[in-house]
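In: Show me the folded form of this:
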Amino acid sequence: MSILSDLIGDLKTIYHLAKPVQGDTHQQRLENFYSTQSADYDRFRRRLLQGREELYQTLANGNEDGKIWVDFGGGTGANLESIGDHLAKFVKIYIVDLSPSLLQVAQARIANHGWTNVATVEADITQFSPPEGIADLVTFSYSLTMIPDWFAAIEQAQHILRPGGTIGVVDFYVSHKHPPQGWQRHSFFDRNFWPIWFATDNVFLCPNRLAYLNHKFDTVALIERMGSLPFLTGLKVPYYIFIGHK
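Out: Numbering: from 1, shown residues only. As a prediction, this is how the structure comes out:
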């Protein structure tokens, strides 16, 4: 019965992924997209959005006690479950998102785990600053590709980070036709097919976000991989993990 219910949940999610996204503002489009799939969001995205646990565990292990963490586009807060006891070392973690439906799931998760140092914030990422005025760690997990003004989002991350602070990003992307030496070069198919495929859900793949991150921060680690997709056997989509310092 569990397998059947999971399959039904997957099919519902795929249906909502395929239907047109409506709304006059970015927030309205996000809520229209996520409100009907928030219940099945985490289970489906766990297979779709790869590299998240690896990034968050790496960042959590590398931080000392008493730090402030801002998770931009943190949605349901599921990313935090992967860091286990390391979560308690942070004095405050802010999950910032524009989707009330996803944040409602995050609030339930916070209450269920008894996380007293985690708070949800419904806010525009490009304008949010923590009440403390500064952050030690900023993360974007598959959110930069959904932010229209992603330049401003990266600028805001740099603005609120303390000197020496850390930024971590995991997301889909495609390479330039002629990428910098040492970076991956994707095929003609990947560079042209995936941006069209994801754009139907207002997820916009390009090579420029990664290049801008590399420009704005001192690169500590860059991992480029190809990830599998649920129900699309044989196809792999490019994603990267980026860690940098201000």
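
In: quick one: secondary structure of the nearest residue to Ile134 once chain neighbours are set aside?
Out: Counting by Cβ to Cβ, 6 or more residues apart in numbering, Arg162 is the residue found nearest to Ile134 once chain neighbours are left out, at 4.9 Å. Every residue, glycine included, has its C-beta placed from N, CA and C. The local conformation at Arg162, judged by DSSP: H, G, I helix; E, B strand; the rest coil, is strand.

In: Also Asn79?
Out: Assignment for Asn79 (three-state DSSP): helix.

In: How many neighbouring residues does it have?
Out: The number of residues packed near Asn79 is 22, by other Cβ atoms under 10 Å.

In: same question, the one 5 residues further on
Out: Gly84: 10 surrounding residues under other Cβ under 10 Å.

In: repeat for Ala108
Out: 12.

In: With Phe188 instead?
Out: When neighbours are counted by other Cβ under 10 Å, Phe188 comes out with 8.

In: residues in contact with Lys72?
Out: For the record, residue 72 is Phe, not Lys. Counting by Cβ atoms under 8 Å, 6 or more residues apart in numbering, Phe72 touches 96, 125, 128, 138-140, 143, 153, 157.

In: picking that back up, could you count how many residues lie near the residue nearest to Ile134?
Out: With other Cβ under 10 Å as criterion, Arg162 counts 14.

In: Surely it and His245 touch.
Out: No: counting by Cβ atoms under 8 Å, Arg162 sits too far from His245 to count as a contact (10.4 Å).

In: residues contacting Ser235?
Out: Let me fix one detail, which is that residue 235 is Leu and not Ser. Leu235 touches 228-229, counting by Cβ under 8 Å, 6+ apart.

In: Distance of Leu103 relative to Thr139?
Out: Plainly put, Leu103 is 16 Å away from Thr139 if you go by Cβ to Cβ, to the nearest Å.

In: mind showing which ranges of this protein have poor pLDDT?
Out: 1-48, 230-232 (pLDDT under 70).

In: tell me, what residue is most central in it?
Out: Ser141 (1.7 Å; Cα atoms, centre = their mean).

In: Check the secondary structure at the closest residue to Lys236 other than its chain neighbours for me.
Out: Closest residue in space to Lys236, ignoring its immediate chain neighbours: Met226 at 3.9 Å, by Cβ to Cβ, 6+ apart. Counting by three-state DSSP, the backbone at Met226 sits in strand.

In: pretty sure Met226 is touching Pro238, no?
Out: Yes: using Cβ under 8 Å, Met226 is in contact with Pro238, at 5.8 Å.

In: The two - which one has more neighbours?
Out: More neighbours surround Pro238 than the other of Met226 and Pro238, with 21 against 13 (other Cβ under 10 Å).

In: Tell me if I'm right that that one and Val174 touch.
Out: Yes: in this structure Pro238 lies within contact range of Val174 using Cβ under 8 Å: 5.9 Å.

In: Just give me the neighbour total for Asn192.
Out: Counted with other Cβ under 10 Å, Asn192 comes out at 12.

In: nearest to Ile83, of the contacts of Phe72?
Out: Ile83 lies nearest to Thr139 out of these, by Cβ to Cβ, at 11.0 Å.

In: Asn112 belongs to a helix?
Out: Yes: counting by three-state DSSP, Asn112 is part of a helix.

In: Could you check how far it is from Trp69?
Out: 20 Å.

In: between those two, which one's more packed in?
Out: Taking neighbours as other Cβ under 10 Å, Asn112 and Trp69 compare with Trp69 leading, 29 against 8.

In: where's the more buried one, which helix or strand?
Out: Using DSSP states H and E, Trp69 sits within strand 67-72.
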